[in-house]
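**Student:** Show me how the following folds:
(2 chains)
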Amino acid sequence: MPRAATASRATSALIWAGLGLVLLFLYAPLVPPAIHSFEGAATAGFFRNYAAIFHDERLMRALRTSLAVGLLVALIAPALALLAAEAVRTWRMPRLIIAIMLLPLFVPGISMGLATGLLFQILGIKPSLLTITAVHVLWALPFAFLIVLTVMASFDQVYLEAAYMSGANRVRAFLEVELPQIRQGVVGAAVFSLIISFNETIRTSVVQGGRNTVQTYLWSQYQQVGLSPHLFALMTLIIVITLALIALVALIDWRRRTA
Amino acid sequence: MRLPGRVRLSHLLVLGLPLLLIAGLILGPLLITLAISVFEKKGFWISPAFTLDSYRLFLTGVRLEVLERSFRVAFASTAIMLLIAYPIAYVITLRVRAELTRAFLFLFAVPFLVNYIVRTFAWADILSRTGFVNAALIRLGLIDQPLDWLLFSDFAVYLGLVTAYMPFMIFPIWLSLSGVDRRLLEASWMLGEPPLATFRRVTFPLSLPGVFAAAIFGFVGSFGEVAVSLILGGTGYQLLGNAVASALDVLNYPLAAAISTVATGLMLALLIVWYRLFDIRLLLGKIMGRA
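**Tutor:** Next up is the predicted model:
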């Protein structure tokens, strides 16, 4: 039936064209900042706008804050995610634990920022690196949790029982038997948490006080004076760093799968 | 496997304390927001009271317009996002070879991870009067004058919201679609149902947990949006999140808390309905290795 075959080939082409179009729309916004970041490059040096980033003292401070917070989040979020995933496996209320862990995904950014900001204010905790870190951990946690759940599910618990029978306690069995096997997944969750933290704006802007992260610096500059070429250079760097970190996650995942 | 009591107690401490801390840090602030929403504004801070003044203030005058617009925009954009995300999830589940599934999901996840505010700035640039779209249309001779409705319009806001939230909606839908037992589809075929009827009566109903989860994510996100409306909507285009932000700017905490509570209250109501209708473990079956 050549007619039916042509029809199905046409449908197929239509489907792939549709997917391609959506991907085009999703990836298109990654391009303009790079183009604008080289504005004036012909007259004043190719990387002039990038060099300007390093002469902006406030921005450099913001960069250090982002880095410090990101590293803390990358350490804390996967650890908490591991504990929560362990609790899901151990206790008889997995639905409730999962629901609470995933809740931050659904809270609008500004509401989450406001809510945690009010909590800190009532407890008398001044805005600091740690308040920013706390909000970022809450935001990264659902993602880290889902990743850790996935890798823990791929681990055969028979190994744990073997460890118990050889006399290991829970902690030792986890550290010496399970953790080495799911290590790459946990590292993946850590890098993922770093990505989430590095790309957060609205939640941070409510709890940061006088400090800035790279993202809130960009956001406040936009609101106060508008975008300038060196901010486009900054956006380009943000995009490039994020893509590099994603590539790292992909590499870790690929090695976990082929190992 | 029964464990001795001593071990179980330490277990309770090691797992329970962090879990309580997390739950407290997630739920506590929302409850505090609720409490503060009925407090009185006093100077630049608050004083305990029970008054619905902040809610009254929110629901009268220009701010009511913000609530109406938030509902309208959130409904419409969620519908658009589902109409895009569902076919994508469907194609990835049923048309893409199994070993390529992860690669496809990954392809859609990458842009989502780049801060959506940066991506929204880029849209403002692409859609501006001198931006790429207008320049291309003029070059092609399709228009003489730049199109005005591309930026600072409903169109721009919808586009921004869709690119901000839609990519993540693919995952829950894909999760529930990939959990559908293929034998059910074969059974439906063998019982003589045409493909469309199989979809309508078997595949679609079974994918509802993912669809609803995705819809709640997109709806609440758009409803409480701050950045997309500010950047792409232009002056005066406020969604609920903008109303919270402007109440915060004038340090009216009870008002900010009241507006925020409207958004989180709506979110919790939707999530509770979801939780009662569906089993979260079934949706995560694939992730938790029970599929």
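**Student:** what residues does the stretch 151-259 of chain A put near chain B?
**Tutor:** A:153-154, A:161, A:164, A:169-171, A:195-196, A:199-202, A:206, A:215, A:218-219, A:222-223, A:227, A:235, A:238-239, A:242-243, A:246, A:250, A:253 (C-beta under 8 Å from any C-beta of the partner chain). C-betas here are computed from N, CA, C, even on glycine.
**Student:** how does it look with 6 Å?
**Tutor:** Proximity of the stretch 151-259 of chain A to chain B (C-beta under 6 Å from any C-beta of the partner chain) is limited to residues A:A153, A:I195, A:N199, A:T201, A:I202, A:Q215, A:M235, A:I238, A:I239, A:T242, A:I246.
**Student:** Mind jotting down where the strands sit in the stretch 101-250 of chain A?
**Tutor:** Counting by DSSP state E, counting those that start in this stretch, the stretch 101-250 of chain A has no strands to list.
**Student:** For chain B, what is the nearest residue in it?
**Tutor:** A:P108 (2.7 Å; C-beta to the nearest C-beta).
**Student:** Identify, from the residues of the stretch 151-259 of chain A next to chain B, the entry nearest to B:L230.
**Tutor:** Using C-beta to C-beta, the shortest approach to B:L230 within those belongs to A:I202, at 10.6 Å.
**Student:** Name the nearest residue to that closest one, ignoring sequence neighbours.
**Tutor:** A:G109 (3.7 Å; C-beta to C-beta, 6 or more residues apart in numbering or on different chains).
**Student:** biggest helix in chain A by residues?
**Tutor:** Counting residues, the longest helix found in chain A (DSSP state H) is helix A:57-90.
**Student:** That helix - contacts with which helices or strands?
**Tutor:** helix A:94-102, helix A:129-153, helix A:179-198, helix A:214-224, helix B:5-37 (3 or more C-beta pairs under 6 Å, 6 or more residues apart in numbering or on different chains; DSSP states H and E).
**Student:** May I see those organised as JSON lines, with distance to B:A257 and mean neighbour count added?
**Tutor:** Putting the helices and strands packed on helix A:57-90 into JSON lines (distance: least, C-beta to C-beta, whole Å; neighbours: other C-beta atoms under 10 Å in any protein chain shown) gives the following:
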{"stretch": "helix A:94-102", "distance to B:A257": "22", "mean neighbour count": "18"}
{"stretch": "helix A:129-153", "distance to B:A257": "17", "mean neighbour count": "23"}
{"stretch": "helix A:179-198", "distance to B:A257": "26", "mean neighbour count": "22"}
{"stretch": "helix A:214-224", "distance to B:A257": "21", "mean neighbour count": "20"}
{"stretch": "helix B:5-37", "distance to B:A257": "4", "mean neighbour count": "16"}
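**Student:** who wins for proximity to A:A85 among those helices?
**Tutor:** helix A:129-153 (4.7 Å).
**Student:** Residues contacting that closest one, please?
**Tutor:** With contact meaning C-beta atoms under 6 Å, 6 or more residues apart in numbering or on different chains, helix A:129-153 is reached by A:69, A:72-73, A:76-78, A:81-82, A:84-85, A:101-102, A:104-105, A:116, A:120, A:182, A:185, A:188-189, A:192-193, A:196-197, A:200, A:203-204, A:207-208, B:25, B:287-289.
**Student:** Let me see the domain layout of chain B.
**Tutor:** With automatic domain parsing as the criterion, the domains of chain B are listed as B:1-37, B:51-283.
**Student:** Can you list the buried residues in stretch B:97-116?
**Tutor:** B:F104, B:L105, B:L107, B:F108, B:A109, B:V110, B:P111, B:F112, B:L113, B:V114, B:N115, B:Y116 (16 or more other C-beta atoms under 10 Å in any protein chain shown).
**Student:** quick one on the thing from earlier: give me whichever of the domains of chain B is most buried.
**Tutor:** domain B:51-283 (a mean of 19; mean count of other C-beta atoms under 10 Å in any protein chain shown).
**Student:** Where does pLDDT dip in the chain?
**Tutor:** Because you didn't say which chain, this covers chain A. A:1-4 (pLDDT under 70).
**Student:** not what I meant, chain B
**Tutor:** Looking at chain B by pLDDT under 70, you get B:1-8, B:286, B:289-291.
**Student:** Going by proximity to chain A, name the top residue of it.
**Tutor:** Relative to chain A, the nearest point of chain B is B:G224 (2.7 Å; C-beta to the nearest C-beta).
**Student:** May I have the residues that are in contact with that residue?
**Tutor:** By C-beta under 6 Å, 6+ apart, the neighbours of B:G224 are A:P108, A:I110, A:S111, B:L240, B:G241, B:A263.
**Student:** please redo it, this time with the cut-off set to 10 Å
**Tutor:** Each residue near B:G224 by C-beta atoms under 10 Å, 6 or more residues apart in numbering or on different chains is listed here: A:107-112, A:202, B:70, B:74, B:239-244, B:259-260, B:262-264, B:266-267.
**Student:** contacting residues around the closest residue in space to it that isn't next to it in sequence?
**Tutor:** Nearest non-adjacent residue to B:G224, counting by C-beta to C-beta, 6+ apart: A:P108, 2.7 Å away. Shown in contact with A:P108 (C-beta under 10 Å, 6+ apart): A:114, A:202-203, B:220-226, B:239-241, B:244, B:260, B:263-264, B:266-267.
**Student:** Over to A:L227?
**Tutor:** A:P33, A:H36, A:L218, A:Q221, A:L234, A:M235, B:F121, B:A124, B:D125.
**Student:** try it again with 7 Å
**Tutor:** Residues near A:L227 by C-beta atoms under 7 Å, 6 or more residues apart in numbering or on different chains: B:F121.
**Student:** Check the gap between it and B:S128 for me.
**Tutor:** Distance, A:L227 to B:S128, using C-beta to C-beta, to the nearest Å: 12 Å.
**Student:** Apart from its chain neighbours, what residue comes closest to A:A173?
**Tutor:** A:A163 (3.8 Å).
**Student:** Pop out the phi and psi values for A:R92.
**Tutor:** phi -90, psi 20 (degrees, to the nearest 10).
**Student:** typo on my end, B:F44
**Tutor:** Given degrees, to the nearest 10, the pair of backbone angles that B:F44 has is phi -100, psi 10.
**Student:** Kindly report the same for B:K41.
**Tutor:** phi -80, psi 130.
**Student:** Please tell me I have it right and it contacts B:N252.
**Tutor:** Yes - counting by C-beta atoms under 7 Å, B:K41 does reach B:N252; the two are 5.5 Å apart.
**Student:** Minimum distance to A:G18: which of the domains of chain B has it?
**Tutor:** Closest among the domains of chain B, using C-beta to C-beta: domain B:51-283, at 7.1 Å.
**Student:** distance between the closest one and the chain's centre?
**Tutor:** How far domain B:51-283 lies from its chain's middle: 5 Å, per C-alpha atoms, centre = their mean, to the nearest Å.
**Student:** gap between the two ends of that domain?
**Tutor:** Using C-alpha to C-alpha, to the nearest Å, the end-to-end distance of domain B:51-283 comes to 41 Å.
**Student:** ranges for the strands of the stretch 101-250 of chain B?
**Tutor:** Counting by DSSP E, counting those that start in this stretch, the stretch 101-250 of chain B contains no strands.
**Student:** How about the residues of it by chain A?
**Tutor:** B:106-108, B:110-111, B:113-115, B:117-119, B:121-123, B:125-126, B:163, B:167, B:216-217, B:220-221, B:223-224, B:226-227, B:241, B:244-245, B:248 (C-beta under 7 Å from any C-beta of the partner chain).
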